[in-house]
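Trainee: Next come a sequence and a model predicted from it.
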Amino acid sequence: EAEGGSWEGRRVLELGAGAGLLAIAAAQLGASVVATDMDQRVCALCASNAAKNGVDASRLSTAILPWGSASAVAELDARTAGGGAGWDVVLAADCVYPGRRKDGDGARADRPLLDTLLGACRLRQQATETGARLTPTVVVCGYKTRSVEQLAFWRMAKANGFTLEWASQSALHSDFRIEGLPDNPADCCGDASGG
């Protein structure tokens, strides 16, 4: 559930939407969703899947959004319905993964994703600085830990002001548990308190 218990009326941005599963679910629960990806064919697939699942185009739109540019995030916000004050929720499923890295890249491979998340969150922050009464943007990242090197992204996010909260591995389906990692990956980020 979204913070506050309901998706109804929430403005949602999804990064790396792919086929659109999360975007479609959020729209079916009442959110106004902009599902983004970096490939027009993928955006078309997402829109087609939304239509096949009874989601009206007024509830879910798609857009190309390359990661790494705060101005691209701001432009997308300004040109979509209800824009100008950022998003209530940003979703990113399986966007932190080792396959994007080349030897020696380390956390640099994830910097464009982090810059996009920061840009999305700053829009809401800037709107509240002008007097708007809005709650901060909530970022929900779902991913399967495939490598300890993925934890570099969370260290970098924390160093850039994000507060991390983790779903306990014991609460996850057994297919998504990784033996040998701490129950709370925040322990790997230098904060045993949980993020």
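Mentor: All right, it came through fine.

Trainee: And the strands in the chain, which stretches?
Mentor: Using DSSP state E, the strands assigned to the chain run over residues 11-15, 32-37, 60-64, 89-93, 138-142.

Trainee: what's the least confident stretch among those strands?
Mentor: Among these, strand 138-142 has the lowest mean pLDDT, at a mean of 88.

Trainee: partners of that strand in the sheet?
Mentor: strand 89-93 (parallel) (DSSP bridges).

Trainee: got the contact list for the partner strand?
Mentor: For strand 89-93, contacts defined as C-beta atoms under 8 Å, 6 or more residues apart in numbering pick out 2-3, 10-16, 18, 21-23, 26, 31, 113, 117, 120-121, 137-143. Every residue, glycine included, has its C-beta placed from N, CA and C.

Trainee: change it to 6 Å
Mentor: Applying C-beta atoms under 6 Å, 6 or more residues apart in numbering, the contact partners of strand 89-93 are 2, 10, 12-15, 22, 120, 137-142.

Trainee: export the strands of the chain to TSV and tack on distance to residue 126?
Mentor: Compiled in TSV, these are given as follows (distance: least, C-beta to C-beta, whole Å):
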stretch	distance to residue 126
strand 11-15	15
strand 32-37	18
strand 60-64	21
strand 89-93	15
strand 138-142	16
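
Trainee: mind putting the ones you listed in JSON lines, distance to residue 160 and mean neighbour count included?
Mentor: Converted to JSON lines, the strands of the chain look like this (distance: least, C-beta to C-beta, whole Å; neighbours: other C-beta atoms under 10 Å):
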{"stretch": "strand 11-15", "distance to residue 160": "16", "mean neighbour count": "26"}
{"stretch": "strand 32-37", "distance to residue 160": "21", "mean neighbour count": "26"}
{"stretch": "strand 60-64", "distance to residue 160": "24", "mean neighbour count": "20"}
{"stretch": "strand 89-93", "distance to residue 160": "14", "mean neighbour count": "22"}
{"stretch": "strand 138-142", "distance to residue 160": "12", "mean neighbour count": "17"}
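
Trainee: among the helices and strands of the chain, which has the poorest mean pLDDT?
Mentor: helix 151-159 (a mean of 84; mean pLDDT, DSSP states H and E).

Trainee: Could you check how far it is from the centre of its chain?
Mentor: Taking C-alpha atoms, centre = their mean, to the nearest Å, the mean C-alpha location of helix 151-159 is offset from the chain mean by 14 Å.
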